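In: Quick one: sequence and predicted model below, then my questions.
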Amino acid sequence: MNTDRQARLTELGRPAMSWRNTASRYGSLSIGLHWLMLLLIAAVYACIELRGNFPKGSDVREGLKTWHFMLGLSVLVLVFVRVAVHFIGTVPRIEPDPAKWQSLFAKLMHFALYALMIGMPLMGWLTLSAEGKVVPFFGLQLPPLVGESKSVADWAKQLHETGGTVFYVLIGLHAAAALFHHYVVRDNTLQRMLPSRD
């Protein structure tokens, strides 16, 4: 943002949007990573859900599976970027302060979401490895995590599918909690993560 625009916003009493987090809101980097992660996860789910609309062995079905793998692994890469950004920046305060049980619930929810953003791609990678299949990643072939094993493949696939269902539920709860805070509690929980309208 240029200096003239920053000055105008300051005169109007509105803080200029920064790429870094502040005490009152997330910066453009954190906001961008958050919504990019949401789009990636939605695309991962869309690929695997749409796959069923096409016959087995068809090019479209195989293409959707490949994109499911590659986008899932992109989530794994991006989650570590998000963790790094989180730890080097400040976390904006929720105003007014939420009840202790709400803060505890939010921490548990975020921990579970991050665990799934790491665990789900790893389980997918493990499944492909144990099935003896290629692990594609945008023109690269990632190394297998384990040797070929039907028992490991079955276990990892079941865990991956169960995790996918749990992830659906947690994403829904996360969105519902944000809307609850915005429209019922009327604090700044959601507003902190929305792009600036300035």
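Out: Looks like it arrived, so ask away.
In: Helix, strand, or coil at Thr165?
Out: Under DSSP: H, G, I helix; E, B strand; the rest coil, the three-state class of Thr165 is helix.
In: show me what contacts it?
Out: Residues in contact with Thr165 (C-beta atoms under 8 Å, 6 or more residues apart in numbering): none are found. The C-beta positions use only the backbone N, C-alpha and C, and glycine is treated the same way.
In: If I look at it, what pLDDT would I see?
Out: The model reports Thr165 with a pLDDT of 96.
In: Show the contacting residues for Trp19.
Out: Counting by C-beta under 8 Å, 6+ apart, Trp19 has contacts Gly27, Ser28, Leu29.
In: Please look at Leu78 and His34 and confirm they touch.
Out: No - using C-beta atoms under 8 Å, Leu78 is not in contact with His34; the gap is 10.3 Å.
In: which regions of the chain sit below the pLDDT cut-off?
Out: The chain contains residues with pLDDT under 70 at 1-17, 197-198.
In: can you give me the helices for it?
Out: With DSSP state H, the ranges of helices along the chain come out as 3-11, 28-50, 59-88, 100-130, 150-180.
In: What are the buried residues along stretch 177-196?
Out: Buried residues in stretch 177-196, counted by 16 or more other C-beta atoms under 10 Å: Ala177, Ala178, His181, Asp187, Asn188, Thr189, Gln191, Arg192.
In: So which of those residues is the closest to Arg82?
Out: Distance to Arg82, by C-beta to C-beta, is smallest for Arg192 among the buried residues of stretch 177-196, at 15.3 Å.
In: Could you check how far the closest one is from Ala177?
Out: 13 Å (C-beta to C-beta, to the nearest Å).
In: Next: Ala106.
Out: Ala106 sits 7 Å away from Ala177, taking C-beta to C-beta as the criterion.
In: for His110, same thing?
Out: Distance from His110 to Ala177, by C-beta to C-beta: 11 Å.
In: repeat for Phe137
Out: 33 Å.
In: one step back: would JSON lines of the helices of the chain with distance to Gln141 be doable?
Out: JSON lines is the format used below for these (distance: least, C-beta to C-beta, whole Å):
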{"stretch": "helix 3-11", "distance to Gln141": "47"}
{"stretch": "helix 28-50", "distance to Gln141": "19"}
{"stretch": "helix 59-88", "distance to Gln141": "11"}
{"stretch": "helix 100-130", "distance to Gln141": "11"}
{"stretch": "helix 150-180", "distance to Gln141": "18"}
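In: I figured Gly119 was touching Gly163, is that so?
Out: Yes - Gly119 is within contact range of Gly163, at 6.2 Å (criterion: C-beta under 8 Å).
In: what does stretch 89-105 contact?
Out: 20-27, 30, 106, 177, 181, 185, 187-189, 192.
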